[in-house]
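> here is a sequence with its predicted model. Questions after.
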Amino acid sequence: MLSVLICTYNREKYIANLLESIAANDFPKNDYEIILVDNNCTDNTHAVCQTFAAKHTDVRFRYTTEHEQGLSAARNKAIKEAKGNILVYIDDDALIDPWYLRTVDSFMSEHPQISAVGGPIIPLYETSEPDWMTRFTKELLCGYLYFGDKQRPFPGDRYPGGGNAAYRAEVFQKVGLFNTQLGRKGNNLMGAEEKDIFDKMKAQHMQFMYLPDMILHHIIPQKKLERDYFDRLTYQIGVSERQRTKAIGNAKYMNRLVKEAVKWAGTLVLLVLYTLQGQPVKGWKLVLFRSNVTRGLLSSTQMQA
């Protein structure tokens, strides 16, 4: 059975459409459950979910609350509540296609050696894509992920996006739960909790695959395209990486700093290329991105929301 896990914080605007997109899947209702974890919402999320449950009495829907603030804590609560052998995390500001659950179930049933899967994350803008957007900034702000139309292992050091990933339940018995010192907390934009889990999975030689039909449409509001959000998010990426790597050891942190230097070299090359193409705004946005991440890596404090 699949356990579809949704962790939410003040997303009443999007949660109803997400739940409807799940219920519209061409997958037997008895073969999945939906568990929604309310991480101290102060909006009308509860009422929206009550309406959904009353409308879809044939869907196994459970609503629970995690009082410890933070996405990692909410994800851990979902794991403890889940009854399925496959745990499917879906972002609360997204939509899925009607074949999504069937795609996950079929692949995991046919490939017992695979521990986790993920698929494309495609931005769905509420406004329009800004002229400074590149593939790199799209991955950053929108969670954009696309590795083609064929099933394949995730390339290099890439891994499924946290809001579009399915794991065997046994994974968390083997590697532990999400690190509650990492990940978003309320409006704080910390991250790296998924990377931490997948690093632990790699260390135990677990395999994860990219499924092109496991598509998540990620809704992107205008505020995520504004400078303030961009600066806070990119800075917190650096802070998160500092915290994650230092928890492993100083050698891991120093290695991450070396990688940051390499990333700077690549960023400067891209700046030159975009400038030569008459699109310097794209290159300078990447420089700002890199600068903020580096500041976060070198700082011992978190920038508050």
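Alright, I've got the coordinates.

> doesn't residue 123 fall inside a strand?
Yes. Under DSSP: H, G, I helix; E, B strand; the rest coil, residue 123 sits within a strand.

> show me where the stretch 201-305 of the chain has helices.
227-248, 250-276, 280-298 (DSSP state H, counting those that start in this stretch).

> now mean pLDDT too, for those, in a markdown table please.
Converted to a markdown table, these look like this (pLDDT from 0 to 100):
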| stretch | mean pLDDT |
| --- | --- |
| helix 227-248 | 89 |
| helix 250-276 | 95 |
| helix 280-298 | 95 |
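
> in a markdown table: these, plus mean neighbour count and distance to residue 102.
No exception for glycine: its C-beta is placed from N, CA and C like everyone else's. Below are these laid out as a markdown table (neighbours: other C-beta atoms under 10 Å; distance: least, C-beta to C-beta, whole Å):
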| stretch | mean neighbour count | distance to residue 102 |
| --- | --- | --- |
| helix 227-248 | 19 | 34 |
| helix 250-276 | 13 | 38 |
| helix 280-298 | 18 | 37 |
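
> run through the strands of this protein in chain order.
2-8, 32-38, 60-65, 86-90, 94-96, 114-118, 121-125, 152-153, 164-168, 207-210, 216-220 (DSSP state E).

> mind giving me the packing neighbours of the last one?
Of the remaining helices and strands, those touching strand 216-220 by 3 or more C-beta pairs under 8 Å, 6 or more residues apart in numbering; DSSP states H and E are strand 94-96, strand 121-125, helix 135-142.

> apply 7 Å and report the result again.
Contacts defined by 3 or more C-beta pairs under 7 Å, 6 or more residues apart in numbering; DSSP states H and E place strand 216-220 against strand 94-96, strand 121-125.

> give me the angle between it and strand 164-168.
Angle of strand 216-220 versus strand 164-168, following axes from the mean of the first three to the mean of the last three C-alpha atoms, to 10 degrees, is 140 degrees.

> any low-confidence regions in the stretch 51-200 of the chain?
183-192 (pLDDT under 70).

> in JSON lines: the helices of the stretch 201-305 of the chain, plus distance to residue 22.
JSON lines is the format used below for those (distance: least, C-beta to C-beta, whole Å):
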{"stretch": "helix 227-248", "distance to residue 22": "27"}
{"stretch": "helix 250-276", "distance to residue 22": "37"}
{"stretch": "helix 280-298", "distance to residue 22": "33"}
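
> the ones you listed: which one's closest to residue 54?
helix 227-248 (35.2 Å; C-beta to C-beta).

> report the angle between that closest one and helix 250-276.
Going by the same axes, to 10 degrees, helix 227-248 makes 150 degrees with helix 250-276.

> distance from the chain centre to helix 227-248, please.
Offset of helix 227-248 from its chain centre (C-alpha atoms, centre = their mean, to the nearest Å): 15 Å.

> could you export that helix as PDB, CA atoms only?
Provided in PDB are the C-alpha atoms of helix 227-248 (Å, rounded to 0.1, in the frame of the first residue of the first chain):
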ATOM      1  CA  ARG A 227      14.800  39.600  -4.400                       C
ATOM      2  CA  ASP A 228      14.100  39.300  -0.700                       C
ATOM      3  CA  TYR A 229      13.000  35.600  -1.000                       C
ATOM      4  CA  PHE A 230      16.000  34.900  -3.400                       C
ATOM      5  CA  ASP A 231      18.500  36.400  -0.900                       C
ATOM      6  CA  ARG A 232      17.100  34.600   2.100                       C
ATOM      7  CA  LEU A 233      16.800  31.200   0.400                       C
ATOM      8  CA  THR A 234      20.300  31.300  -1.100                       C
ATOM      9  CA  TYR A 235      21.900  32.400   2.100                       C
ATOM     10  CA  GLN A 236      20.100  29.600   4.000                       C
ATOM     11  CA  ILE A 237      21.300  27.000   1.500                       C
ATOM     12  CA  GLY A 238      24.900  27.900   2.600                       C
ATOM     13  CA  VAL A 239      23.900  27.900   6.300                       C
ATOM     14  CA  SER A 240      22.300  24.500   5.800                       C
ATOM     15  CA  GLU A 241      25.300  23.000   4.000                       C
ATOM     16  CA  ARG A 242      27.600  24.300   6.800                       C
ATOM     17  CA  GLN A 243      25.500  22.700   9.400                       C
ATOM     18  CA  ARG A 244      25.000  19.400   7.500                       C
ATOM     19  CA  THR A 245      28.700  19.000   6.700                       C
ATOM     20  CA  LYS A 246      30.000  20.100  10.100                       C
ATOM     21  CA  ALA A 247      27.800  17.600  11.800                       C
ATOM     22  CA  ILE A 248      29.700  14.900   9.800                       C
END
